[in-house]
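J.: Structure, please.
(2 chains)
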Amino acid sequence: NAGVTQTPKFQVLKTGQSMTLQCAQDMNHNSMYWYRQDPGMGLRLIYYSASEGTTDKGEVPNGYNVSRLNKREFSLRLESAAPSQTSVYFCASRTGTKNYSNQPQHFGDGTRLSIL
Amino acid sequence: GQSLEQPSEVTAVEGAIVQINCTYQTSGFYGLSWYQQHDGGAPTFLSYNGLDGLEETGRFSSFLSRSDSYGYLLLQELQMKDSASYFCAVGGYQKVTFGTGTKLQVIP
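T.: Numbers count the residues shown, from 1 in each chain, chains lettered A, B, ... in the order given. Next up, the predicted model:
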């Protein structure tokens, strides 16, 4: 029972390079999320997908794009990486059915991304 | 918009009780959740309050007062393994906003 799987776990990029962070969940969840976490800060929402086929911006979407490939997979793309995007990125999912409020988010182990 | 405030750090003694407070401002309230995160790890869900009052789960309890826009997490019989960061979070429609977290250090 894998839950939420993120790849890669670590990545170092040079400024201007692009890359895609992958996230997959096997819990049949409708909603998926991408967060970034910087030292001493909470989790800031980048993008989310309430259901397959929809995506919406969160608090800090600039410099990122997302794709909800299917119900299981939600990828995050950095088109032209910048040092300010050095962070730990977490993917999360939750059931996302009608009574959404009391549903916990399940997190992946994170991707530690450094941009030089 | 939504914003949450928590103390940045709390230190408590093993075996004691500690309370971590959270105040929030939100345009549309859908409940207050708490998450635990150990250093280097992923956040994990602890508890949820949708209505006023106390919810208890083992050594952990969480309280909510919607009229005061306030909640807290209560940890009893502290253990060294409880040393972690604790985040409160409020949920909007499909969105969840997290506080900046409280780093709890449990000392012998």
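J.: and A:S84, what does it touch?
T.: A:G63 (CB atoms under 8 Å, 6 or more residues apart in numbering or on different chains). The way it works is simple: take the backbone N, C-alpha and C, and place the C-beta from them, glycine included.
J.: Kindly indicate whether it is helix, strand or coil.
T.: Under the three-state scheme (DSSP: H, G, I helix; E, B strand; the rest coil), A:S84 adopts helix.
J.: if I look at it, how far off is A:R44?
T.: 13 Å (CB to CB, to the nearest Å).
J.: And for B:S61?
T.: Distance from B:S61 to A:R44, by CB to CB: 28 Å.
J.: A:L45 is in contact with A:Y35, correct?
T.: Yes - assessed by CB atoms under 8 Å, A:Y35 is found in contact with A:L45 at 5.7 Å.
J.: Need the pLDDT of A:N102.
T.: A:N102 is assigned a predicted lDDT (pLDDT) of 69.
J.: Kindly report the same for A:T15.
T.: pLDDT at A:T15 comes out at 97.
J.: Report the contact partners of A:A2.
T.: With CB under 8 Å, 6+ apart, A:A2 has these contacts: A:D26.
J.: and chain A, which residues reach chain B?
T.: Neighbours of chain B within chain A, by CB under 8 Å from any CB of the partner chain: A:31, A:33, A:35, A:40-45, A:48, A:50, A:56, A:58-59, A:90, A:92, A:96, A:100-102, A:104-110.
J.: Among these, which are located in strands?
T.: A:S31, A:Y33, A:Y35, A:L43, A:R44, A:L45, A:Y48, A:D56, A:F90, A:A92, A:H106, A:F107 (DSSP state E).
J.: Can you go through the residues you listed and name the buried ones?
T.: A:S31, A:Y33, A:Y35, A:L43, A:R44, A:L45, A:Y48, A:F90, A:A92, A:H106, A:F107 (16 or more other CB atoms under 10 Å in any protein chain shown).
J.: Sketch out the low-pLDDT regions of chain A for me.
T.: A:1, A:97-102 (pLDDT under 70).
J.: what's around B:K103, how many residues?
T.: B:K103 is flanked by 17 other residues according to other CB atoms under 10 Å in any protein chain shown.
J.: before we move on, which element is it in?
T.: Element membership for B:K103 (DSSP states H and E) is strand B:102-107.
J.: Which of the residues in that strand are classified as buried?
T.: B:T102, B:K103, B:L104, B:V106.
J.: Give the pairing partners of it; include direction for each.
T.: strand B:9-13 (parallel), strand B:84-91 (antiparallel) (DSSP bridges).
J.: would CSV of these with distance to B:E77, mean pLDDT and mean neighbour count be doable?
T.: Output for the strands paired with strand B:102-107, formatted as CSV (distance: least, CB to CB, whole Å; pLDDT from 0 to 100; neighbours: other CB atoms under 10 Å in any protein chain shown):
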stretch, distance to B:E77, mean pLDDT, mean neighbour count
strand B:9-13, 11, 97, 13
strand B:84-91, 15, 92, 24
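J.: So for B:W34, which of the ones you listed sits nearest?
T.: Of all those, it is strand B:84-91 that lies closest to B:W34, at 5.7 Å by CB to CB.
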